[in-house]
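A.B. asks: the sequence and its predicted three-dimensional model are supplied below.
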Amino acid sequence: MEQKVFSLPKRIDSLQALRFSGAMCVTVYHFTGLQGTCPFDFSHAVYLFYIISGFVVMLSTENPAKKRYFLTRRLIRTLPLYWGLTVFTFIAGQFVPDLIGYKPTLEHLIKSMLFIPYRRATAKAGSALRPIVGLGHTLQMEMLFYLLFLVAMRISHKHRGYIAAGLAALVALVGVVFPTDIPVIHFYTANPYVWTSFIAGLGIYGVFRLLQNRNLPMRTGRIPAFSITATAIAVCIPAFLKPLSVWYSIPMFAIVLCAGLVWSGCGFRTPKPLVKLGNVSYSYYLIHYYFVTFAVRMIHIDSFSLRNVLLAVLVCAVAWGVSWVSWYLIENKCSKCLQKLIMHSAI
């Protein structure tokens, strides 16, 4: 068999495929009626995004020169679409509050734009700590993690992973030792699963860099079987152990990420359609809930049937189409212009 040395490529396409898969799992979760008796909790897929984030921030800051613009680059990529959707939803909520479950105030708008958690009414849960764009709650967690990672890099670029993991663990520990109902503190400290996911991503980076530095030969003929088997075992276990805790889902998604990295590190190609959809996954993640909400309320996709599955596929296809336009105009064109403008001004 052909021998290859394990090496992570500069562009890891398998990450994009995983982002696409995670986005679709979250979509299934929002189509509540389609899940039937499925043993999986599709909402847990959000932890896959956190694990990937932990891995990617390490990967993207390998060059010490890039740490200067670390937070700026992420804000440029994240804020335009999120702020645009926040303003759009705020305006819509003034005229048709039933569509979003409540009528947001100017205070809610400002807090949402600045990632300050507050409690509001929701259509499903009664009330929750959510920004105007409901799925923006994951961005709030991401932003705090980015700040912690920025602090870690300022302390020591070489040991940024260890320091960031320690800071993340400290935030989780605060929620355990000093529980509080203060919205801002409660939101960021009451979910140890999120911080465990970030730490898992940081750890996975360390393991794979260690493997690469040792120049390990890999039998390429065995890699597809390994990746498929590891992923299948990890994903299928919930069918036999239910109900299953989030504490299993985190290592399960860690295994899935590792399998994807092994796949790319050994030179195997990820199907281009999955890569392209993964590129659009951020836009899709924020936008799809609007389409799902409309479909559930207006088309009544509220149970598992052939009719509802076909309609859900159609709704998702439209959402992906709109998300591609959003990605092209906002994430691609607008963000590149902002990046050039800000970077040029900083010189």
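C.D. replies: Here it is on my side, so go on.

A.B. asks: tell me where the stretch 51-200 of the chain has helices.
C.D. replies: Taking DSSP state H, counting those that start in this stretch as the test, the helices found in the stretch 51-200 of the chain are 70-95, 106-113, 137-155, 160-177, 183-189, 192-213.

A.B. asks: residue 8 is nearest to which of these?
C.D. replies: With Cβ to Cβ as the criterion, residue 8 lies closest to helix 192-213 of these, at 5.9 Å. Bear in mind the C-beta positions are built from the backbone N, C-alpha and C, glycine included.

A.B. asks: ok, residue 171 touching residue 148?
C.D. replies: Yes - counting by Cβ atoms under 8 Å, residue 171 does reach residue 148; the two are 7.3 Å apart.

A.B. asks: tell me which stretches of this protein form strands.
C.D. replies: 3-5, 119-122, 126-129, 217-219 (DSSP state E).

A.B. asks: below-threshold pLDDT in the stretch 151-300 of the chain: ranges please.
C.D. replies: Applying pLDDT under 70 to the stretch 151-300 of the chain flags the ranges 215-224, 227, 238-244.

A.B. asks: mind doing that once more with 80?
C.D. replies: 211-245 (pLDDT under 80).

A.B. asks: residues near residue 275, how many?
C.D. replies: Neighbourhood size, residue 275 [other Cβ atoms under 10 Å]: 18.

A.B. asks: who's in contact with it?
C.D. replies: Residues near residue 275 by Cβ atoms under 8 Å, 6 or more residues apart in numbering: 13, 16-17.

A.B. asks: what about those, which are in helices?
C.D. replies: Members of these lying in helices (criterion: DSSP state H): 13, 16-17.

A.B. asks: can you tell me which of the contacts of residue 275 is closest to residue 81?
C.D. replies: Ranked by distance to residue 81 (Cβ to Cβ), those are led by residue 16 at 17.5 Å.

A.B. asks: doesn't residue 282 make contact with that closest one?
C.D. replies: No - in this structure, residue 16 is not within contact of residue 282 by Cβ under 8 Å, at 10.8 Å.

A.B. asks: Provide a list of residues in contact with the residue nearest to the spatial centre of the chain.
C.D. replies: The residue lying closest to the centre of the chain (Cα atoms, centre = their mean) is residue 49, at 2.9 Å. Shown in contact with residue 49 (Cβ under 8 Å, 6+ apart): 19, 22, 138, 285.

A.B. asks: neighbour-wise, which one of those leads?
C.D. replies: residue 22 leads the contacts of residue 49 on contacts (other Cβ under 10 Å) with 25 neighbours.

A.B. asks: shouldn't that residue be in contact with residue 48?
C.D. replies: Yes - between residue 22 and residue 48 a contact is recorded at 4.4 Å, counting by Cβ under 8 Å.

A.B. asks: still on that earlier bit, format the helices of the stretch 51-200 of the chain as TSV; extra columns: distance to residue 306.
C.D. replies: Shown next, in TSV, are these (distance: least, Cβ to Cβ, whole Å):
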stretch	distance to residue 306
helix 70-95	32
helix 106-113	39
helix 137-155	32
helix 160-177	44
helix 183-189	40
helix 192-213	35
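
A.B. asks: so which of these is nearest residue 292?
C.D. replies: Per Cβ to Cβ, nearest to residue 292 of the helices of the stretch 51-200 of the chain: helix 70-95, 14.5 Å.

A.B. asks: what's the angle from that closest one to helix 160-177?
C.D. replies: Here the directions of helix 70-95 and helix 160-177 differ by 40 degrees (axes from the mean of the first three to the mean of the last three Cα atoms, to 10 degrees).

A.B. asks: between helix 106-113 and helix 70-95, find me the angle.
C.D. replies: On the basis of the same axes, to 10 degrees, helix 70-95 is oriented at 150 degrees to helix 106-113.

A.B. asks: which ones are touching residue 99?
C.D. replies: 92-93, 293.

A.B. asks: now tabulate the residues you listed in JSON lines and tack on distance to residue 40 and neighbour count.
C.D. replies: Converted to JSON lines, those look like this (distance: Cβ to Cβ, whole Å; neighbours: other Cβ atoms under 10 Å):
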{"residue": "92", "distance to residue 40": "32", "neighbour count": "15"}
{"residue": "93", "distance to residue 40": "32", "neighbour count": "20"}
{"residue": "293", "distance to residue 40": "22", "neighbour count": "17"}
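
A.B. asks: same list, these, but as a markdown table with distance to residue 204 please.
C.D. replies: Putting the contacts of residue 99 into a markdown table (distance: Cβ to Cβ, whole Å) gives the following:
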| residue | distance to residue 204 |
| --- | --- |
| 92 | 40 |
| 93 | 40 |
| 293 | 34 |
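
A.B. asks: tell me the one of those residues nearest residue 113?
C.D. replies: Of the contacts of residue 99, the one sitting nearest to residue 113 (Cβ to Cβ) turns out to be residue 93, at 14.5 Å.

A.B. asks: tell me how far that closest one lies from residue 58.
C.D. replies: 38 Å (Cβ to Cβ, to the nearest Å).

A.B. asks: tell me which of the helices of the stretch 51-200 of the chain lies nearest to residue 302.
C.D. replies: For residue 302, the closest of those is helix 70-95, at 22.7 Å, according to Cβ to Cβ.

A.B. asks: tilt between that closest one and helix 137-155?
C.D. replies: Using the same axes, to 10 degrees: helix 70-95 against helix 137-155 is 160 degrees.

A.B. asks: quick one: helix 70-95 to chain centroid distance?
C.D. replies: Centroid separation for helix 70-95 versus its chain: 16 Å, with Cα atoms, centre = their mean, to the nearest Å.
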